[in-house]
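> Build me a model:
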Amino acid sequence: MTILFLSALAVAFSGAMMPGPLLTYTIKQSLNTGPAAGFIIIAGHGVLEITLIVLIFLGFDVLLQSSYAQIFIGIFGGLLLVYMGFDMIKNSVQNKIKIELDGSNSNTKNMLISGFFISAANPYFLLWWAIIGLGFLIEAYKSFGVTGVMIFYSGHILADTIWYGLISIVIGTTRKFINNNLYRVIIISLGCILVFFGFSFFYKAIF
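Numbers count the residues shown, from 1 in each chain. Sure, this is the predicted structure:
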């Protein structure tokens with residue numbers, strides 16, 4: 001069981017440390033609301049993952065692997081990210097955002113939901129679970145049953161929590177040294193990254 005846990009931890013770290021929309025959003029929220037942001041966001045991400053595990057065991061992995069599902073996820077996920085990115089850019093240009101050092105602008109519920117939906121908007125994340133994740137889940141289930149699946153999930157979500165939590169703590173605790181103009185530039189840059197990911201998902205879904 002220890003080997004299974006460590007394997008899940010290592011595989012998850014390799015994925016968590018890759019740049020993507022969820023990391024971009026985590027950086028933005030950590031700047032805005034503080035060190036706790038990453039932990040809240042990854043909790044929403046974790047809810048999606050446990051939901052996917054249940055669906056995969058119910059046979060929905062076939063649906064997730066279908067070309068129609070990938071096109072659907074790519075189009076609507078891409079549009080969601082493009083909208084979020086442009087909204088960040090617009091609010092930054094119009095000076096409608098600022099760093100809230102007292103955390104009064106923090107909205108736990110919104111970050112939790114966003115962690116869920118930003119992950120769901122990434123077709124590569126869903127495809128990973130439908131193909132690679134499925135393989136690990138089957139092996140874990142064959143070896144230790146439901147306990148094995150939970151051990152694999154525990155290792156997987158722990159890696160995500162460690163990485164995104166670390167990012168959130170580092171950025172959230174140093175944000176007081178960032179003035180508002182620099183903050184706006186950073187948010188515009190992060191918004192552009194989200195737009196890039198969004199258009200990329202949309203383009204690949206269509207073509």
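
> Every contact and neighbour count from this point should use C-alpha atoms.
Fine.

> And the helices in the protein?
In chain order, the chain shows helices spanning 2-16, 21-33, 37-57, 61-65, 67-93, 108-120, 123-128, 134-174, 180-206, with DSSP state H as the criterion.

> Show me which residues of the last one are buried.
Taking 16 or more other CA atoms under 10 Å as the neighbour-count basis, helix 180-206 is seen to contain the buried residues 180, 183-184, 186-199, 201-202, 205.

> Ok, the fourth one next?
By neighbour count, with 16+ other CA under 10 Å as the criterion, the buried positions of helix 61-65 are 61, 64-65.

> Show me how far that helix is from its chain's centre.
Between the centre of helix 61-65 and the centre of its chain there are 20 Å (CA atoms, centre = their mean, to the nearest Å).

> What is the helix or strand of the chain with the lowest mean pLDDT packed up against?
Across the helices and strands of the chain, the lowest-confidence element by mean pLDDT, DSSP states H and E is helix 61-65, at a mean of 81. Packed against helix 61-65, as judged by 3 or more CA pairs under 8 Å, 6 or more residues apart in numbering; DSSP states H and E, are the following elements: helix 123-128.

> And the helix it packs on, what does it pack against?
helix 61-65, helix 67-93.

> from these, which stretch is densest packed?
helix 67-93 (a mean of 20; mean count of other CA atoms under 10 Å).

> any idea how far the most centrally placed residue in the chain is from Trp129?
The residue at the geometric middle of the chain, judged as the C-alpha nearest the mean C-alpha position with CA atoms, centre = their mean, is Leu22 (3.3 Å). When distances are taken as CA to CA, to the nearest Å, Leu22 and Trp129 turn out to be 16 Å apart.

> List the buried residues in stretch 46-57.
For stretch 46-57, the buried set under the neighbour-count rule, 16+ other CA under 10 Å, comprises 46, 48-49, 52-53, 56.

> want to try JSON lines for those, with distance to Gly38 as columns?
Shown next, in JSON lines, are the buried residues of stretch 46-57 (distance: CA to CA, whole Å):
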{"residue": "Gly46", "distance to Gly38": "12"}
{"residue": "Leu48", "distance to Gly38": "15"}
{"residue": "Glu49", "distance to Gly38": "16"}
{"residue": "Leu52", "distance to Gly38": "21"}
{"residue": "Ile53", "distance to Gly38": "22"}
{"residue": "Ile56", "distance to Gly38": "26"}
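
> What is the most widely separated pair among those residues?
Gly46 and Ile56 (15.1 Å; CA to CA).

> Looking at the helices of the chain, spot the one closest to Ile99.
When those are compared for distance to Ile99 using CA to CA, the nearest one is helix 21-33, at 4.9 Å.

> What lies in contact with the closest one?
36-38, 41, 81, 98-101, 103-106, 115, 118-119, 122, 164, 167-169, 171-172, 175, 183, 187, 190, 193-194, 197 (CA atoms under 8 Å, 6 or more residues apart in numbering).
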